[in-house]
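Q: Quick one, what's the 3D model for this:
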Amino acid sequence: MSATALTLILVAALAHATWNLFTKQASAAGASSFVWLMSLAATALYTPVVAVSLLVSPPRLTPLGWVFMIGTGLLQAGYFLFLQAGYRLGDLSLVYPVGRGSGALLAALAGITLLGERPGPAGIAGMVLVVLGVLVLGAPGRSGDSTPAPGASPSPAPRASRAIIFALVTGTFIASYTLWDKYAVSTLRVPPLLQGYASLPVMALVLAPAALRQRDRTMRVLDRYRRQVAGAALLSPLAYILVLIAMSFTAVSAVAPAREVSVLAGVVLGRRLLGEGSLARRLTAAAAIAAGIICIAAG
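A: Numbering: from 1, shown residues only. Prediction:
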């Protein structure tokens, strides 16, 4: 992996963890309303950027390219809704690593088996370390392993188990849209900025009926979580556009696990700002992730 790709992925990882914090903070307010407001705001925010890009370098889109731009919006709508459902039941530092880790594992394996990608021994070792690290981060802690920070209340076991199920479904959507978009930007030559942007108006259209039908709840979300909506609208597309740029010239089997360094930031944010526990176990897993990132960059 080149230094440019690694830099793009690390910046994207920090942005990704931050908007997930915003999403977790608003998770109890209503998934469809929050995701609709976020996608609507992001569409408005990024339209001028995309318009300038299209004027400077008009793309040559095929009909299949349009299908892939619409399809990514449908996949990401499912991703956001299941992610919100998981956050409503479980910790940021539980749901986030399980979702990202399972998504990275599925995407990397599919990149190898379906797309014919062949990472070297160091790259394979790095993928194993990263995936193991994020899965250990998300695994339920042993008794005594998950002492919460002062003032925090641990999630009941049944709720945590349900949260993990939602996180695993979220991971399936992550792997699906990662491979879908990889094909769009590398084979169909859809510009990464356009492919990353396309999901936003599609999500806004798909979720509009539900959000408008529950108008009172949508207005409450807007009133109480205006900052979280704005932050997610800015950082969520930015994080993914940076990843798509990296995937346009880097193997998905390297990009997908490497971007999971975002779980490091997610664990820190969960501990520092939300009072979540299991710090010792999660820091140990974080060391494995850091070693994996070095291996992936070298391989």
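Q: Now do the helix or strand hosting residue 43, average pLDDT.
A: Here residue 43, judged by DSSP states H and E, is contained in helix 31-56. In this model, helix 31-56 has an average pLDDT of 94.
Q: Please apply the same query to stretch 199-217.
A: Average pLDDT, stretch 199-217: 94.
Q: Just the CA atoms of that stretch, as PDB, please.
A: Extracted in PDB, the C-alpha atoms of stretch 199-217 (Å, rounded to 0.1, in the frame of the first residue of the first chain):
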ATOM      1  CA  SER A 199     -25.700   7.500  -2.100                       C
ATOM      2  CA  LEU A 200     -26.900  10.700  -0.400                       C
ATOM      3  CA  PRO A 201     -29.800  11.800  -2.600                       C
ATOM      4  CA  VAL A 202     -30.800   8.200  -3.100                       C
ATOM      5  CA  MET A 203     -31.000   7.700   0.700                       C
ATOM      6  CA  ALA A 204     -32.900  11.000   1.100                       C
ATOM      7  CA  LEU A 205     -35.500   9.900  -1.400                       C
ATOM      8  CA  VAL A 206     -35.900   6.400  -0.100                       C
ATOM      9  CA  LEU A 207     -36.300   7.500   3.600                       C
ATOM     10  CA  ALA A 208     -38.400  10.600   2.900                       C
ATOM     11  CA  PRO A 209     -41.800   8.900   3.200                       C
ATOM     12  CA  ALA A 210     -41.000   7.400   6.600                       C
ATOM     13  CA  ALA A 211     -39.400  10.600   7.900                       C
ATOM     14  CA  LEU A 212     -42.200  12.800   6.700                       C
ATOM     15  CA  ARG A 213     -44.900  10.400   8.000                       C
ATOM     16  CA  GLN A 214     -43.400  10.800  11.400                       C
ATOM     17  CA  ARG A 215     -43.000  14.500  11.100                       C
ATOM     18  CA  ASP A 216     -43.100  15.300  14.900                       C
ATOM     19  CA  ARG A 217     -40.300  12.900  15.600                       C
END
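Q: Could you identify the helix or strand that succeeds the helix or strand bottoming out on mean pLDDT in the chain?
A: Lowest by mean pLDDT, DSSP states H and E among the helices and strands of the chain is helix 252-258, with a mean of 72. Counting by DSSP H and E, the next helix or strand C-terminal to helix 252-258 is helix 262-274.
Q: what's in contact with that next one?
A: With Cβ atoms under 8 Å, 6 or more residues apart in numbering as the test, helix 262-274 has contacts from 12-14, 16-18, 20-21, 24, 91-93, 96-97, 100-101, 133-134, 137, 149, 152, 276-277, 279, 282-283, 286, 289-290. Any C-beta I mention is one placed from the backbone N, CA and C, and that applies to glycine too.
Q: at 6 Å instead, please
A: Helix 262-274 is contacted by residues 13-14, 16-17, 21, 91-93, 96-97, 100, 134, 137, 276, 279, 282, 286 when judged by Cβ atoms under 6 Å, 6 or more residues apart in numbering.
Q: Using ChimeraX, make a named selection holding only the buried ones among those residues.
A: Burial among these is assessed by 16 or more other Cβ atoms under 10 Å; the matching ChimeraX selection reads:
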select :13,16,17,21,91,92,93,96,97,100,134,137,276,279,282,286
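Q: Let's see which of the contacts of helix 262-274 end up in helices.
A: Members of the contacts of helix 262-274 lying in helices (criterion: DSSP state H): 13-14, 16-17, 21, 92-93, 96-97, 100, 134, 137, 279, 282, 286.
Q: So which of those residues sits lowest on pLDDT?
A: Ranking these by pLDDT puts residue 137 at the bottom, with 66.
Q: after the helix ranked longest in the chain comes which helix or strand?
A: Assignment by DSSP H gives helix 157-186 as the longest helix of the chain. Helices and strands here follow DSSP H and E; after helix 157-186, the next one along the chain is helix 192-213.
Q: Run the angle between whatever helix or strand comes next after that next one and helix 192-213 for me.
A: Sequence-wise, the next helix or strand downstream of helix 192-213 (DSSP H and E) is helix 215-224. Inter-element angle recorded for helix 215-224 and helix 192-213: 120 degrees (by axes from the mean of the first three to the mean of the last three Cα atoms, to 10 degrees).
Q: any idea how far residue 51 lies from residue 93?
A: 38 Å (Cβ to Cβ, to the nearest Å).
Q: quick one: low-confidence parts of the stretch 151-299 of the chain?
A: Residue ranges of the stretch 151-299 of the chain with pLDDT under 70: 151-157, 253, 256-257, 293-294, 297-299.
Q: at 80 instead, please
A: 151-161, 251-261, 263-264, 267, 271, 276-283, 285-287, 289-299 (pLDDT under 80).
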